[in-house]
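Engineer: would you be able to build a 3D model of this:
(2 chains)
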Amino acid sequence: MRTKHFIMTPIILLGLTGCGMGEDSKDSELALIKTTNPSPALIEKNTKEDLDLVESIKHDIASMKELYDVAIVKGKKDTLVAYKVKHFYRFQMKKIEKKMNEMLEKKYPDENFTVSSDYKIFLEAVKLNEKMKDPNFSQEKANKELKKIIKLKQELT
Amino acid sequence: MGKDKKNLTPEQQKYQVLQQKHEIKRPIIKNCIRAFWVGGLICTVGQAITYFYIYFFNFTEQTAGNPTVATMVFLSMLLTGFGIYDHLAQFGGAGTAVPVTGFGNAVISAAIEHRTEGFVLGVGGNMFKLAGSVILFGVFSAFVVALIKTILIQWGVL
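Structural biologist: Prediction:
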């Protein structure tokens, strides 16, 4: 009987924390599990030219058959591209990243891209995207956060 | 074995045939299914812990592996100490031995067993009696793989 308690308690706790997470309806809360497909975000100027640029980047990347979810945040200097790879293609992650880098460098030589398939980077990109919808969230803060995400991507240990 | 059989009396040979007939066969498929489910369950818990670290802390997919392994070994240590892991291992077999929790179990059970011999010579000296070979061959195979990779990179294959 006691053994049963010991096994059941963690399972119930896990279940409860899992359910608790679903209460908030924000996209970023569930970005790890389901497809969110956020619209590309611009931190600096919102000119039509730039909007078209990020839209076209998003379109190019989303057209790759190996991916199913893409988040793009364009900052002052860097552009963050986070994506999720379909499970069947996860063995070829490095190849996909190389292919994407080559394609982006060729098509948009003026941009400085940071490409990542990491779930954490995707989650942070979606969170930043959501925060930027708030008018009180300044550009400076957004740029700082973007830099933080890019730094996180470069960490290896 | 063949030599032994020659020396057996006819009665003994007859008994061996009888014994073979009544010997309980190892339920291999059943064991495999149990190992699959129990091992899968442990890995699911590990995946949940990885997501926990990614979601609530500043860990990426690449770096979340280390704290996940530490947590799994810690959990298996608690379960071994409470005597639950033994029951789980009896049911799951290889499913509990192959994941990193099996390694934790091997370390902790040896430490508990030799606790009566004192902390230094007992616990300290015997802690890695079972798991030592895992560490040795793990480090050695990692060294060999790294050597091969270095050579391949030098040659320009990779």
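Engineer: and A:Q139, how far from A:A82?
Structural biologist: Here A:Q139 is placed at a distance of 20 Å from A:A82 (Cβ to Cβ, to the nearest Å). Bear in mind the C-beta positions are built from the backbone N, C-alpha and C, glycine included.
Engineer: more neighbours: the two, which one.
Structural biologist: A:A82 (26 against 14; other Cβ atoms under 10 Å in any protein chain shown).
Engineer: after the helix or strand harbouring that one comes which helix or strand?
Structural biologist: With secondary structure defined by DSSP states H and E, A:A82 is part of strand A:78-85. Towards the C-terminus, the helix or strand next in line after strand A:78-85, according to DSSP H and E, is helix A:93-107.
Engineer: check which residues of stretch B:96-104 are buried.
Structural biologist: Of all the residues in stretch B:96-104, those buried under the rule 16 or more other Cβ atoms under 10 Å in any protein chain shown are B:T96, B:P99, B:V100, B:T101, B:G102, B:F103, B:G104.
Engineer: export it as PDB, just CAs?
Structural biologist: Coordinates of each C-alpha in stretch B:96-104 appear next as PDB, following Å, rounded to 0.1, in the frame of the first residue of the first chain:
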ATOM      1  CA  THR B  96      15.200  -0.300 -15.600                       C
ATOM      2  CA  ALA B  97      18.900  -1.300 -16.000                       C
ATOM      3  CA  VAL B  98      19.700   0.300 -19.300                       C
ATOM      4  CA  PRO B  99      18.600   4.000 -18.700                       C
ATOM      5  CA  VAL B 100      20.800   6.100 -16.500                       C
ATOM      6  CA  THR B 101      18.600   5.300 -13.500                       C
ATOM      7  CA  GLY B 102      20.000   1.800 -13.600                       C
ATOM      8  CA  PHE B 103      23.500   3.300 -13.200                       C
ATOM      9  CA  GLY B 104      22.300   5.300 -10.200                       C
END
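Engineer: tell me how many other residues surround the nearest residue to B:A131 once chain neighbours are set aside.
Structural biologist: The shortest distance from B:A131 to any residue that is not its chain neighbour, by Cβ to Cβ, 6 or more residues apart in numbering or on different chains, is 4.3 Å, and that residue is B:A106. With neighbours defined by other Cβ under 10 Å, the count for B:A106 comes to 21.
Engineer: which element is B:A106 on?
Structural biologist: Assigned by DSSP H and E, B:A106 belongs to helix B:100-113.
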